[in-house]
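Novice: Sequence and predicted structure, then a few things I'm wondering about:
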Amino acid sequence: MPENPILESTALPRPLRLGVAGPVGVGKSSLIATVCRALADELAIGVITNDIYTDEDARFLRSAGVLEPDRIRAVETGACPHTAIRDDVTANLLAAEDLAADFAPLDLVIIESGGDNLTATFSPALVDAQIFVLDVAGGGDVARKGGPGIGRADLLVVNKTDLAPHVGVDVEQMVADAADAREGRAVIALSRSDETSVAALRAWLLGVLAAYRDGVHVAQDPGPMAPHFHADDDGGGILHSHADGDHTHAHSHG
Amino acid sequence: MALLLADARLPGGGHAHSASLEPALLGGLPAADVPAWMAGRATTVSLVEAGTAVVASRVLAAGPVAEDDGPAALAAVERAWAARTPSQALRDAARLLGRGYLRVARTLWSGHPAVVAVAGQAARHGSVPRAVVLGAVAAASGLTPADVVRLTVYDDAQTAASALLKLEPLDPLVTARWVLDACAAAEPHVPRVAACTTPESIPASGAPQTEGWAEAHALRTQRLFRA
């Protein structure tokens, strides 16, 4: 076991921790490979994957040849990928500390969530910034449906835009819907084969890193849940959001 | 205090562990044998963990652990635990849990000499196992030795029970019964283990099959749980 100083007591400078979340199959691993390819020459990067059943994502990234294999680590989530990035981030935090110690100095640790649903977002206790990923193949209406990641992640990526003509999705409309849902927060329509879109992603990330290093970046919490409605027995009910600090109420979200 | 520590919602990293259950099922243990296996753990490996935590707590409560023979005494407890835990995979998993638990301890009892001593030990010699960190928490919070033993047994049984629901289709209330039965099986041993004062007195009740399954599990690419 490597010597393991308590890294948390030395808060800075530690690498920027960037979360990548989004439903299964939207291209999170592929996006990470794209980021590594675009920035490998100027940044020292490590990656942590949170697969549900296997270390498939870690192996995909290792085989992509974008980073040394040892810089890509998989953590187990006990079949709870949502918990591992939100309610109990311990395993990911320890893996991030290990990467930072083993490959010091690192600039960036990217943490890929296990493909989960639209409500899964990272805790600010784990990441400094997060990207939420959708893809055009998931349907043009997903961005409009909203949710904490779509609405309030630092960046929303609409991925696989090259597939849009094949799945009958209007990319411009999907991005416009997303921009509405996000009240002006960043949106990038991405295809790994479209150099301009990759350059936009690269520039966004370097901007966040610069802000983080200047001490002006503040980790945002998209919130665990979208606003939702609770019916009561009288046919009425309340609409509320967990992002507004209203956490004391007597119902379970399972 | 024991209630807080026993609650799975306390974020210490435990949810990624199965208390050796996933390795056992993948190694061929029939699901029907899980209750007997849980009772077996409660009266063997859980008591090794519990005894380690009890002795660590006494060593840390005894004294100026930051000086002279303090670290040596703590290291002796850890050696005794390691000698009773032959599987490298299980020792690694316990040290990982120890790191997560130390985060909890450093946040909730920051500055307490027992927690500082264990954090220092971890910084100098690498991560300490969960049982030793639990000893520090017990010393810092005034948890009694008997509570430490019962907590350790319960936590192990409940961890396995929760993991089983992810691995086999089952009514969750069925496993709740098994947890109670496992704790009851350990109860006659509680006074003996709570009375441990030296590293030599820590129970040496191992489970070789569990050690073997843990080693095989660590080599798999498909698993839900760390160990």
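Specialist: In hand now; what should we look at?

Novice: Who are the contact partners of the residue of chain B found nearest chain A?
Specialist: Closest residue of chain B to chain A, CB to the nearest CB: residue B:13 (3.1 Å). Heads up, the C-betas are built off the backbone N, CA and C, glycines and all. Residue B:13 sits next to A:88, A:90, A:91, A:94, B:96, B:97, B:99, B:100, B:101 when contact means CB atoms under 8 Å, 6 or more residues apart in numbering or on different chains.

Novice: again, only using 7 Å
Specialist: When contacts are counted by CB atoms under 7 Å, 6 or more residues apart in numbering or on different chains, residue B:13 is found next to A:88, A:90, A:91, B:97, B:100.

Novice: residues contacting residue 167?
Specialist: All of this is about chain A. Taking CB under 7 Å, 6+ apart as the test, what residue A:167 contacts is A:136, A:137.

Novice: um, chain B though
Specialist: So residue B:167 contacts B:21, B:22, B:25 (CB under 7 Å, 6+ apart).

Novice: Could you check what's spatially nearest to the second one, not counting adjacent residues?
Specialist: What it means is residue B:22. residue B:225 (4.5 Å; CB to CB, 6 or more residues apart in numbering or on different chains).

Novice: Likewise for the last one?
Specialist: With CB to CB, 6+ apart as the criterion, residue B:25 has its nearest non-adjacent residue at 5.8 Å, and that residue is residue B:167.

Novice: Show me what the mean pLDDT comes to for the lengthiest helix in chain B.
Specialist: Criterion DSSP state H: the longest helix present in chain B is helix B:145-167. Average pLDDT, helix B:145-167: 96.

Novice: got the buried residues for it?
Specialist: B:145-164, B:167 (16 or more other CB atoms under 10 Å in any protein chain shown).

Novice: Please, where are all the strands along the stretch 151-254 of chain A?
Specialist: Using DSSP state E, counting those that start in this stretch, the strands found in the stretch 151-254 of chain A span residues A:155-159, A:186-189, A:228-231, A:237-240.

Novice: remind me which residues of chain B are low pLDDT?
Specialist: B:64-70 (pLDDT under 70).

Novice: ok, the residue of the stretch 51-200 of chain A at minimum distance from chain B - contacts?
Specialist: Nearest to chain B in the stretch 51-200 of chain A, going by CB to the nearest CB, is residue A:90, at a distance of 3.1 Å. Contacts for residue A:90 (CB under 7 Å, 6+ apart) come out as B:11, B:12, B:13, B:100, B:103.

Novice: most surrounded residue in these?
Specialist: When neighbours are counted by other CB atoms under 10 Å in any protein chain shown, residue B:13 leads those with 27 neighbours.

Novice: Next, find the distance separating that one from residue B:148.
Specialist: Residue B:13 sits 20 Å away from residue B:148, going by CB to CB, to the nearest Å.

Novice: which parts of the stretch 51-200 of chain A sit against chain B?
Specialist: Contacts of the stretch 51-200 of chain A with chain B, taken as CB under 7 Å from any CB of the partner chain, map to A:53-55, A:76-80, A:83-84, A:87-88, A:90-91, A:94.

Novice: Buried ones only from those residues, please, as a ChimeraX command.
Specialist: Entered in ChimeraX, the line below selects the buried ones among those, by 16+ other CB under 10 Å:
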select /A:54,55,76,77,78,79,80,83,84,88,90,91,94
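
Novice: what is the mean pLDDT for the one helix or strand residue A:134 maps to?
Specialist: Element membership of residue A:134, judged by DSSP states H and E, is strand A:129-135. Averaged over strand A:129-135, pLDDT sits at 96.

Novice: low pLDDT regions in chain A?
Specialist: In chain A (pLDDT under 70), the answer is A:1-12, A:224-254.

Novice: so the helix of greatest length in it versus strand A:155-159, what angle?
Specialist: For chain A, the longest helix by residue count, based on DSSP H, is helix A:195-213. Interaxial angle of helix A:195-213 relative to strand A:155-159 (axes from the mean of the first three to the mean of the last three CA atoms, to 10 degrees): 160 degrees.

Novice: Show me the helices in the stretch 51-200 of chain A, by range?
Specialist: Applying DSSP state H, counting those that start in this stretch to the stretch 51-200 of chain A gives helices spanning A:56-64, A:81-85, A:90-102, A:142-145, A:148-152, A:164-167, A:171-182, A:195-213.

Novice: What parts of chain B come near chain A?
Specialist: Checking chain B against chain A by CB under 7 Å from any CB, the hits are B:11-13, B:15-17, B:92, B:95-96, B:99-100, B:103, B:119, B:122-123, B:126-127, B:166, B:221-226.

Novice: Quick check: helices, which of those are part of them?
Specialist: B:92, B:95, B:96, B:99, B:100, B:103, B:119, B:122, B:123, B:166.

Novice: so the last one touches residue B:223, yeah?
Specialist: No: under the criterion of CB atoms under 7 Å, residue B:166 makes no contact with residue B:223, lying 11.2 Å away.

Novice: neighbours around residue A:199, how many?
Specialist: So residue A:199, with other CB under 10 Å, has 11 neighbours.

Novice: What are the neighbouring residues in contact with it?
Specialist: Counting by CB under 7 Å, 6+ apart, residue A:199 has no contacts.

Novice: ditto for residue B:121
Specialist: B:71, B:74, B:128.

Novice: ok so, going back, I'd like the contacts of residue A:90 laid out as JSON lines, including distance to residue A:103.
Specialist: JSON lines is the format used below for the contacts of residue A:90 (distance: CB to CB, whole Å):
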{"residue": "B:11", "distance to residue A:103": "26"}
{"residue": "B:12", "distance to residue A:103": "26"}
{"residue": "B:13", "distance to residue A:103": "22"}
{"residue": "B:100", "distance to residue A:103": "22"}
{"residue": "B:103", "distance to residue A:103": "22"}
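
Novice: and which of the residues you listed is nearest to residue B:181?
Specialist: residue B:12 (25.2 Å; CB to CB).

Novice: didn't the closest one look like it was pressed against residue B:100?
Specialist: Yes: assessed by CB under 7 Å, residue B:12 is found in contact with residue B:100 at 4.5 Å.

Novice: And the helices in chain B?
Specialist: Going by DSSP H, chain B shows helices at B:2-6, B:21-26, B:34-42, B:45-62, B:69-83, B:88-108, B:113-125, B:130-141, B:145-167, B:172-186, B:190-194, B:208-218.

Novice: Which positions in the fifth one come out as buried?
Specialist: The neighbour-count check on helix B:69-83 (16+ other CB under 10 Å) flags B:70, B:71, B:73, B:74, B:75, B:76, B:77, B:78, B:80, B:81 as buried.

Novice: can you check stretch A:41-60 too?
Specialist: Result for stretch A:41-60 [16+ other CB under 10 Å]: buried residues A:43-52, A:54-55, A:57-60.

Novice: roughly how far apart are residue A:104 and residue B:100?
Specialist: For residue A:104 relative to residue B:100 (CB to CB), the value is 22 Å.

Novice: now do residue A:210
Specialist: 32 Å.

Novice: List just the nearest of the contacts of residue A:90 to residue B:193.
Specialist: residue B:12 (22.1 Å).

Novice: neighbours of residue B:8, just the number please.
Specialist: So residue B:8, with other CB under 10 Å, has 13 neighbours.
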